[in-house]
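**Q** below is the structure, and that's it, no one-letter string:
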């Protein structure tokens, strides 16, 4: 049994990375599941979103996480890709809230800085840090799975500080 279970999501329409981590402390974290939800680009958008909805709902039901950490949608060059990522992200955010999970969003640079110690870390460096921190035999593949694990690890590192801050604020206003 773990003190906290965190579902990390790297949102995407074609590949949506996920990682479920069990945590007792910042030094005692175990990967419970890591993978990628895939939807075929040839399918209609509404069918792809419905499939992501069903799969994420299943992860929430199976693992009952306390928290869901998701990468914040970051717009680069491709508007169409950003829209799909945003739509997939919205589904995850709504399902997590409905399931009563704490929800946190992290920027790519926050995740890289927290997991690898540098906001400009490469995907390869992030994958190696995920492998090392979770004591895995190999780097999770594809990169979307490793990214989801990094997002969950970021939350595992940051959440205790947020909880301490919130408790201190609550004590000060009593």
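**A** Thanks, I have the structure now. Everything numeric here is computed off the predicted structure, so don't read it as measured data.

**Q** where does the chain have low pLDDT?
**A** Applying pLDDT under 70 to the chain flags residues 75-78.

**Q** all helices of it, in order?
**A** Assigned by DSSP state H, the helices in the chain fall at 45-63, 79-98, 108-116, 123-133, 143-172.

**Q** ok, the closest residue to residue 92 other than its chain neighbours - contacts?
**A** Distances taken as Cβ to Cβ, 6 or more residues apart in numbering place residue 9 nearest to residue 92, at 5.1 Å, with adjacent residues excluded. (C-beta placed from N, C-alpha, C; glycine too.) By Cβ atoms under 8 Å, 6 or more residues apart in numbering, the contact list for residue 9 reads 16, 17, 18, 56, 68, 69, 70, 71, 89, 92, 148, 151.

**Q** distance to residue 157 added to the residues you listed, as JSON lines?
**A** Shown next, in JSON lines, are the contacts of residue 9 (distance: Cβ to Cβ, whole Å):
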{"residue": "16", "distance to residue 157": "23"}
{"residue": "17", "distance to residue 157": "18"}
{"residue": "18", "distance to residue 157": "19"}
{"residue": "56", "distance to residue 157": "23"}
{"residue": "68", "distance to residue 157": "16"}
{"residue": "69", "distance to residue 157": "10"}
{"residue": "70", "distance to residue 157": "16"}
{"residue": "71", "distance to residue 157": "15"}
{"residue": "89", "distance to residue 157": "21"}
{"residue": "92", "distance to residue 157": "20"}
{"residue": "148", "distance to residue 157": "15"}
{"residue": "151", "distance to residue 157": "11"}
